[in-house]
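Chemist: build me a structure from this.
(one chain, ligands or ions: 1)
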Amino acid sequence: MADHHTDKGFAESVEELRTWLDSADKILLGAGAGLSAAAGLSYLDEALFKQFQPEMAALGYHYPYELFQHENDGWPQAREWAYLIRHINFVRYTFPASELYKKLLKLVEGRDFFAVTSNCDRQLMRAGFPMDRVFEAQGSYDRLRCTENCTRETWEIKPHIDKLLPLIDPETFMISDESAIPYCPYCGAPLYTAFRAFEGYKAEQQRFYDWIGTTGGKKLCIVELGVGFNTPAVIRWPFERLAYASGNAHLFRVNKEYREWPGHGGFSEVPEELKGKATPMPYDAGDVIRRLYEALPPERK
Ligand SMILES: [Zn+2]
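Modeler: Okay, here's the model as predicted:
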């Protein structure tokens, strides 16, 4: 279990965060799975899973997380696509732009901020974040690539979702007309979500690095929201290094334990080296954002 001996309590640590947000020259936000989960888009939510993947639930799966490594199951393409487009259609297109992300935007609007996300659901964009201040570090669900990497070209997934969704056979949970499944037009290999492998990714990444380069000597407020240990090299570790290296920075690590994932708690703990420069906040990102939002003056809401 996490050692929360440095935990200041909810009200006090949120107040400390509020003070830092108000007085910082620059604000760096990091969004992880825990933030989208707090917004209602949890990959560990059984009820939600039953709702948008009823066939998979009937097959004995409980939540999307179990399926993230299903490649080993050797699914035929007809099943792979039924699952993939159902998942992406729900996460990316059916699930609405969340109120929580919109409130988060209100906290930083008009300020010199940058947001990095490891989520592929495009919630920052859909909530209205200016995309020149966003780095989607894991890319998004929006495009497809050749699984043999024969080309760097990528293709929009949305037309394929629209075409394939009505072709899902609810009995077999396969695409009923296999000729509708897209393959690489050059080499014939299966296609899969492109994530980071798209043209323009490097430029987005560079824009983020350039912004980090402007934080030297500034008062920098770093806020991590629901970032766990799935891909710590994307947000968690770089944020720690930045807090450590910056003379006037503070890291707020907001992350509660996943109740569905016993033994994986303690995500909010901070390393000893950051003592005095970081505040562990073992709370739900939604509770923290709502509390900060409530404290905003009316003209900023
Ligand atoms: Zn190819």
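Chemist: now do the strands in the stretch 1-150 of the chain.
Modeler: Per DSSP state E, counting those that start in this stretch, the stretch 1-150 of the chain carries strands over the ranges 26-31, 113-117, 134-136, 140-146.
Chemist: what residue spans form the domains of this protein?
Modeler: Following the assignment in automatic domain parsing, the chain carries domains at 1-41+97-139+200-301, 43-94+141-197.
Chemist: and those, which is most packed in?
Modeler: Ranked by mean neighbour count under mean count of other C-beta atoms under 10 Å, these are led by domain 1-41+97-139+200-301, which reaches a mean of 18. All C-beta spots, glycine's among them, are computed from the backbone N, C-alpha and C.
Chemist: gap between the one residue in the stretch 201-301 of the chain that gets nearest to the ion and R18?
Modeler: Nearest residue of the stretch 201-301 of the chain to the ion (C-beta to the ion) works out as Y201 at 18.6 Å. As judged by C-beta to C-beta, to the nearest Å, Y201 and R18 stand 34 Å apart.
Chemist: pLDDT score assigned to the residue lying closest to G216 once chain neighbours are set aside?
Modeler: Spatially, and ignoring its direct neighbours in sequence, G216 is nearest to S246 (7.6 Å; C-beta to C-beta, 6 or more residues apart in numbering). Predicted confidence (pLDDT) for S246: 94.
Chemist: I'd say S246 and T214 touch.
Modeler: No - taking C-beta atoms under 8 Å as the contact criterion, S246 and T214 are not neighbours in contact, 11.9 Å apart.
Chemist: what sits against the residue nearest the centre of the chain?
Modeler: Using C-alpha atoms, centre = their mean, the residue of the chain that lies closest to the mean C-alpha position is N119, 2.0 Å off. Neighbouring residues of N119 by C-beta atoms under 8 Å, 6 or more residues apart in numbering: A31, G32, A33, L35, S36, E136, Q138.
Chemist: between the residues you listed, which is nearest the ion?
Modeler: The closest of those to the ion turns out to be Q138 (C-beta to the ion; 22.2 Å).
Chemist: check contacts around the nearest residue to that closest one once chain neighbours are set aside.
Modeler: Excluding its sequence neighbours, the residue lying closest to Q138 (C-beta to C-beta, 6+ apart) is S118, at 5.0 Å. S118 makes contact with G30, A31, G32, A33, A137, Q138, V227, N230, T231, V234, I235, according to C-beta under 8 Å, 6+ apart.
Chemist: what pLDDT does the residue nearest to the fifth one when sequence neighbours are not counted get?
Modeler: Distances taken as C-beta to C-beta, 6+ apart put V234 closest to A137, at 4.7 Å, once the chain neighbours are dropped. In the predicted model, V234 carries a pLDDT score of 91.
Chemist: verify the stated contact: V234 with E136.
Modeler: No - taking contacts as C-beta under 8 Å, V234 lies outside contact range of E136: 10.4 Å.
Chemist: which strand or helix spans the closest residue to N149 other than its chain neighbours?
Modeler: Sequence neighbours aside, A197 is the residue nearest to N149 in space, at 7.8 Å (criterion: C-beta to C-beta, 6+ apart). Of the helices and strands defined by DSSP states H and E, none includes A197.
Chemist: L28 contacts I235, correct?
Modeler: No - with contact defined as C-beta under 8 Å, L28 does not count as touching I235 (9.7 Å).
Chemist: need the overlap of contacts for these two.
Modeler: Both L28 and I235 are in contact with V116, where contact means C-beta under 8 Å, 6+ apart.
Chemist: need the helices for the chain, in chain order.
Modeler: 10-23, 33-38, 46-52, 54-58, 64-67, 77-88, 99-108, 123-126, 158-164, 201-213, 236-245, 285-294 (DSSP state H).
Chemist: now render those helices as JSON lines, adding distance to F252.
Modeler: As requested, the helices of the chain are exported to JSON lines (distance: least, C-beta to C-beta, whole Å):
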{"stretch": "helix 10-23", "distance to F252": "5"}
{"stretch": "helix 33-38", "distance to F252": "13"}
{"stretch": "helix 46-52", "distance to F252": "28"}
{"stretch": "helix 54-58", "distance to F252": "36"}
{"stretch": "helix 64-67", "distance to F252": "26"}
{"stretch": "helix 77-88", "distance to F252": "31"}
{"stretch": "helix 99-108", "distance to F252": "12"}
{"stretch": "helix 123-126", "distance to F252": "18"}
{"stretch": "helix 158-164", "distance to F252": "36"}
{"stretch": "helix 201-213", "distance to F252": "17"}
{"stretch": "helix 236-245", "distance to F252": "10"}
{"stretch": "helix 285-294", "distance to F252": "9"}
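Chemist: that'll do, ta.
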